[in-house]
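K.L.:
Using only what follows, build the 3D model:
(one chain, ligands or ions: 3)
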Amino acid sequence: MDQKQFEKIRAVFDRSGVALTLVDMSLPEQPVVLANPPFLRMTGYTEGQILGFNCRFLQRGDENAQARADIRDALKLGRELQVVLRNYRANDEPFDNLLFLHPVGGRPDAPDYFLGSQFELGRSGNSEEAAAAGHAGALTGELARIGTVAARLEMDSRRHLAQAAAALVRAWERRG
Ligand SMILES: Cc1cc2nc3c(=O)[nH]c(=O)nc-3n(C[C@H](O)[C@H](O)[C@H](O)COP(=O)(O)O)c2cc1C
Ligand SMILES: [Ca+2]
Ligand SMILES: [Mg+2]
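P.N.:
Ligands and ions are numbered 1, 2, ... in the order given. Model (predicted):
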């Protein structure tokens, strides 16, 4: 990916109302190279504390074994994924994170980057599904601005992501 495209992504990140992270897939540690203000507010970290680290710094212990296996598969195959993880803020407060992952740049099976968007579950009362679908819609707009979703597919993608997010919210609400 050239510098111009990277700067375009940075501009989208800086203006977005949803939490966004960009991870460099060319490095073995898969470190965060961009994190925007909503992500920093959600997690309580400063940019300087997290740039260069793998996003698993948000996890503790072995709570997310299945989700992590699913993520590793998606990253290996260059595929998008929506998944729920137990995460912890810098002050150790736990929260449930509905994470959206999307390949960005490079070849379809070997993307240069992955974009992550984090939606905090449990803050929207009985409209959690609608809030997650709204997040998915805003995220689709950002992906279209970056060029990851083709303009002609934006509506389809928005519907697809909103449905996936709503299904995960329903499963999360039924959790034991
Ligand atoms: C772009 C991107 C964003 C991610 N965001 C989060 C996150 O917000 N919370 C989290 O627990 N893991 C997140 N991850 C997943 C971890 O970085 C890691 O891939 C996952 O834990 C599986 O690998 P591991 O089993 O080696 O830890 C993200 C991954 C990528 C590529
Ligand atoms: Ca930044
Ligand atoms: Mg871990």
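K.L.:
so what secondary structure elements neighbour the helix or strand harbouring A131?
P.N.:
For A131, the host element (DSSP states H and E) is helix 128-146. Under the contact criterion of 3 or more C-beta pairs under 8 Å, 6 or more residues apart in numbering; DSSP states H and E, helix 128-146 touches helix 3-15, strand 94-104, strand 113-121, helix 154-173. From N, CA and C alone the C-beta is placed, and that goes for glycine too.
K.L.:
Tell me the gap between the longest one and the middle of its chain.
P.N.:
From the chain centre to the centre of helix 154-173 is a distance of 14 Å (C-alpha atoms, centre = their mean, to the nearest Å).
K.L.:
buried sites along it?
P.N.:
By neighbour count on 16 or more other C-beta atoms under 10 Å, the buried set for helix 154-173 is S157, R158, L161, A162, A164, A165, A166, L168, V169, W172.
K.L.:
Looking at the residues you listed, which one is closest to F95?
P.N.:
W172 (11.8 Å; C-beta to C-beta).
K.L.:
Surely the closest one is in contact with L98?
P.N.:
Yes - when contacts are counted by C-beta atoms under 8 Å, W172 is listed as touching L98 (7.5 Å).
K.L.:
between those two, what contacts are shared?
P.N.:
Residues touching both W172 and L98 (C-beta atoms under 8 Å, 6 or more residues apart in numbering) are V84, L121.
K.L.:
Kindly report the residues of the chain close to ligand 1.
P.N.:
Applying C-beta under 6 Å from any ligand atom, we find that the chain lies next to ligand 1 at 21, 23, 30, 54-56, 58-59, 68, 71-72, 75, 85, 87, 97, 99, 101, 114-116, 118.
K.L.:
Repeat the analysis, applying 8 Å as the threshold.
P.N.:
Selection of the chain residues close to ligand 1 by C-beta under 8 Å from any ligand atom yields 19, 21-23, 25, 30, 32, 39, 43, 54-56, 58-59, 64, 67-69, 71-72, 75, 85, 87, 97, 99, 101, 113-116, 118.
K.L.:
Just those: which are in strands?
P.N.:
Judged by DSSP state E, the residues of the chain next to ligand 1 include 19, 21-23, 32, 85, 87, 97, 99, 101, 113-116, 118 as members of strands.
K.L.:
Which pair of the residues you listed spans the longest distance?
P.N.:
Counting by C-beta to C-beta, the most remote pair of those is N87 and Y113, 20.9 Å apart.
K.L.:
List the contacts of D14.
P.N.:
Contacts for D14 (C-beta under 8 Å, 6+ apart) come out as N36, P37.
K.L.:
Check D96 too.
P.N.:
Counted by C-beta under 8 Å, 6+ apart, D96 has contacts V84, L85, R86, N87, E120, L121, G122, W172.
K.L.:
Brilliant, that's me finished.
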